[in-house]
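Colleague: After the sequence you'll find the predicted model.
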Amino acid sequence: MCSRGVQHSYKKDRMTREDAMKAQAESEAEEAGSPMDKLRALILTRGYQGILQFGGLFRRTDDDDSHTLNKEELAETIGQFGLSMSEDEISELCAEFDEDGTGSIDYNEFLDKLRPEMTEPRIEIVEQAYAVLDEAGDGVVTIDDIRDKYSAANHPRVLSGESSEDEILAKFLSRFDGGVKEDGKLTKQEFLDYYSGLSKSIDDDEYFVEVIKTCWKL
């Protein structure tokens, strides 16, 4: 259960925290000093699930399962996500990751750089949550695993009577739409993709850790 202070802060911010992050991201996109910073900010204007959903589209674009994309495929992915970047910006993105000059980039490496930075305590607690889901230890969990383990009992909207636990769970699960493959399996990297978006909206490490502990009953 969250501490009283964390519950109060979460309740106070629940309607504005994600919107504030989106607004900040819009401003950062306009002032970005590099194409990577601009792309990251543009994706975060889509909310907590932006990085996860962009990563999912990235992986689906990889038709031959090579784990690489060329410049044209990168441009296609950005366009399909509804973002606008110039040809020069996309060329600069590719050049940053195409160290061997093959014209292709490793999209896992690209997504690692794209994901907003998280402090070690945040990464550790997210990995602990994933380990709870990954009972088999094979590095893959399903949406059904998430449905079974996610706890909305202490969500502020549930405690206030504004929403039911089922409604909060349904909203949480909807954030993974478009971010996972059709088989419904979620890797640790994809789990981190989602929580990196949430992390971007929370300044305090302790508060972030308490939120994750509450959701996953750690």
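Modeller: Yep, it's here.
Colleague: Helix, strand, or coil at the residue of the chain most remote from its centre?
Modeller: For the chain, the residue at maximal distance from the C-alpha centroid (C-alpha atoms, centre = their mean) is residue 101, at 29.6 Å. Three-state call for residue 101 (DSSP: H, G, I helix; E, B strand; the rest coil): coil.
Colleague: any idea how far residue 94 is from it?
Modeller: 11 Å (C-beta to C-beta, to the nearest Å). Every C-beta, even on glycine, is put in place using the N, C-alpha and C of the backbone.
Colleague: buried residues in stretch 116-128?
Modeller: When burial is assessed from 16 or more other C-beta atoms under 10 Å, stretch 116-128 yields the following buried residues: 116, 118, 122, 125-126.
Colleague: mind saving the C-alpha coords of that stretch as CSV?
Modeller: Output of stretch 116-128 as CSV, limited to C-alpha atoms (Å, rounded to 0.1, in the frame of the first residue of the first chain):
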residue,chain,number,x,y,z
PRO,A,116,14.0,8.5,-21.4
GLU,A,117,16.7,8.0,-18.9
MET,A,118,15.7,6.3,-15.6
THR,A,119,17.7,6.3,-12.4
GLU,A,120,19.0,3.0,-11.0
PRO,A,121,16.3,2.7,-8.3
ARG,A,122,13.6,3.2,-10.9
ILE,A,123,15.0,0.6,-13.2
GLU,A,124,15.5,-1.9,-10.3
ILE,A,125,11.9,-1.6,-9.1
VAL,A,126,10.5,-2.0,-12.7
GLU,A,127,12.7,-5.1,-13.2
GLN,A,128,11.4,-6.4,-9.8
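Colleague: So for it, mean pLDDT?
Modeller: Averaged over stretch 116-128, pLDDT sits at 96.
Colleague: Quick check: residue 83 touching residue 43?
Modeller: Yes. Counting by C-beta atoms under 8 Å, residue 83 does reach residue 43; the two are 7.2 Å apart.
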